[in-house]
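Participant: Any chance you could fold what I've pasted below:
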Amino acid sequence: MSNGVLALLGSGETGPGMTRVHRGLLAQLDDVRAVNLNTPFGFQENVPQMTEKLLTYFSTSLHVDMGALDLRNFESASAEQRQSFKDGVRRANYVFAGPGSPSYALRQWLPLGLTEDLTAVLARGGVVCFSSAAALTLGRYAPPVYEIYKSGSGLEWLEGLDLMATVGLDCVVLPHYNNAEGRDYDTSRCYLGERRLRLLEEMLPAGTGVLGVDEHSAAIIDLDARTLTVKGKGEAHWRLAGAVTDFANGTVVALDELGAHSRRLDTLVIDETPVTTMVDESAVAALRDAQQRLVEALGAIRADARARGDYALSDRIRDAIVASGMTVSDGAVSTK
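Facilitator: Model (predicted):
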């Protein structure tokens, strides 16, 4: 079985430039089973709206019916909800996560053991596509970007998911590498600025590098070919031991040139224990039938509300539907 692809997006995950990147990644899959992870923005009040926006983008721009996996808070989630989230990740072959807070996401994903689930996706030839805040979590360490930038917190590194170790790279991932929102002050290097990044680099263990990805750009790592390809408007950047190497759009670089250790995922031990169910088949069939009737009723009520111009009620129904893990598109409701 071929190993998969790890795609790191610097930003602009729903922009025109990244649509081409998503399309190229999806084209590698025979039967697309795509999911979105809402955890990075799970602390926000507009989780349903953000989820619907992402699902609508994939449906409209990429013609992909993406499922919504919900894990907003590890502690408040039940053991069944946590396992359901992990199982949903492993069943997928296109796992996407994007905007939000990297430090918040790590507080939920580390105790969940998400790294092993993402590794399983890659080992089966799937795609893990993380953008912006989510991409920050994938390195050995991650900086608490917004705490430093917005709250004045001290410089430190947080433990990361270290999915980069699966490709043999000991590194930190920095999206938004060329950010220029500050105009008259330095917000590059994912809002840290060059000065603070250099101070943080001095705190890293020897041999740990930094992989920077510009905004509206992607660093696509093919685990079988053992290459990193740069796509999009900007560049990727490799920093190690004080040296910085820039890779322009279109560049293909061997991972070995970055000091990666050769590693195939099929040599890793992945728990393939099937999930057992405590519900018999007749109960499952009855539950599915009841869910389908609920889906049809909700769709009819929402369509009637929209026809009467009661968009407030329609939006409330939509938010409840999305929060429950179902999808809404142009008035239609479906289960995943």
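Participant: how far away is the residue nearest to residue 232 when sequence neighbours are not counted from residue 102?
Facilitator: Using Cβ to Cβ, 6 or more residues apart in numbering and skipping the chain neighbours, the partner closest in space to residue 232 is residue 217 (3.4 Å). Where you see a C-beta, it was placed from the backbone N, CA and C, and this is true even at glycine. Residue 217 sits 18 Å away from residue 102, going by Cβ to Cβ, to the nearest Å.
Participant: Per the annotation, how does the chain divide into domains?
Facilitator: 5-267, 281-334 (automatic domain parsing).
Participant: I'd like those written out as JSON lines, with mean neighbour count added.
Facilitator: Shown next, in JSON lines, are the domains of the chain (neighbours: other Cβ atoms under 10 Å):
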{"stretch": "domain 5-267", "mean neighbour count": "19"}
{"stretch": "domain 281-334", "mean neighbour count": "14"}
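Participant: In TSV, list the ones you listed along with mean pLDDT.
Facilitator: Formatted as TSV, those follow (pLDDT from 0 to 100):
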stretch	mean pLDDT
domain 5-267	95
domain 281-334	70
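Participant: re the thing from before, these two touch, right, the residue nearest to residue 232 and residue 235?
Facilitator: Yes. At 6.6 Å, residue 217 and residue 235 qualify as touching, with contact defined as Cβ atoms under 8 Å.
Participant: Check the contact lists of these two and give me the overlap.
Facilitator: Common neighbours of residue 217 and residue 235, using Cβ atoms under 8 Å, 6 or more residues apart in numbering, are residue 249.
Participant: what bridges to the residue most central in space within the chain?
Facilitator: Central residue of the chain (Cα atoms, centre = their mean): residue 97, 2.0 Å from the mean position. Judged by DSSP bridges, the bridge partners of residue 97 are residue 130.
Participant: Then residue 237?
Facilitator: Under DSSP bridges, the beta-bridge partners of residue 237 are residue 212, residue 246.
Participant: And the helices in the stretch 51-200 of the chain?
Facilitator: 79-91, 102-112, 114-123, 132-136, 145-151, 194-201 (DSSP state H, counting those that start in this stretch).
Participant: next one: the fourth one to chain centre, how far?
Facilitator: Right, the one you point to is helix 132-136. Its chain's C-alpha centre and that of helix 132-136 lie 7 Å apart, by Cα atoms, centre = their mean, to the nearest Å.
Participant: on contacts alone, who are the packing partners of it?
Facilitator: If contacts are counted by 3 or more Cβ pairs under 8 Å, 6 or more residues apart in numbering; DSSP states H and E, helix 132-136 sits against strand 5-9, helix 102-112, strand 171-174.
Participant: now for these, which one comes closest to residue 222?
Facilitator: strand 5-9 (5.6 Å; Cβ to Cβ).
Participant: ok, then the element right after the closest one?
Facilitator: Using DSSP states H and E, the helix or strand that follows strand 5-9 in sequence is helix 16-26.
Participant: ok now that next one, how far from the chain's centre?
Facilitator: With Cα atoms, centre = their mean as the basis, helix 16-26 stands 15 Å off its chain's centre.
Participant: Run through who's touching it.
Facilitator: So helix 16-26 is contacted by 5, 7, 9, 12, 32, 34, 58, 61-62, 64, 94, 127, 129, 131, 216-218, 220, 231-233 (Cβ under 8 Å, 6+ apart).
Participant: Next, the distance between the ends of stretch 105-122.
Facilitator: Separation of the first and last residues of stretch 105-122 by Cα to Cα, to the nearest Å is 20 Å.
Participant: just how off-centre is it within its chain?
Facilitator: 11 Å.
Participant: Same check on stretch 153-172?
Facilitator: From the chain centre to the centre of stretch 153-172 is a distance of 15 Å (Cα atoms, centre = their mean).
Participant: end-to-end on it?
Facilitator: Stretch 153-172 end-to-end distance (Cα to Cα) = 19 Å.
Participant: before we move on, what about stretch 188-195?
Facilitator: Terminal residues of stretch 188-195 lie 10 Å apart, using Cα to Cα.
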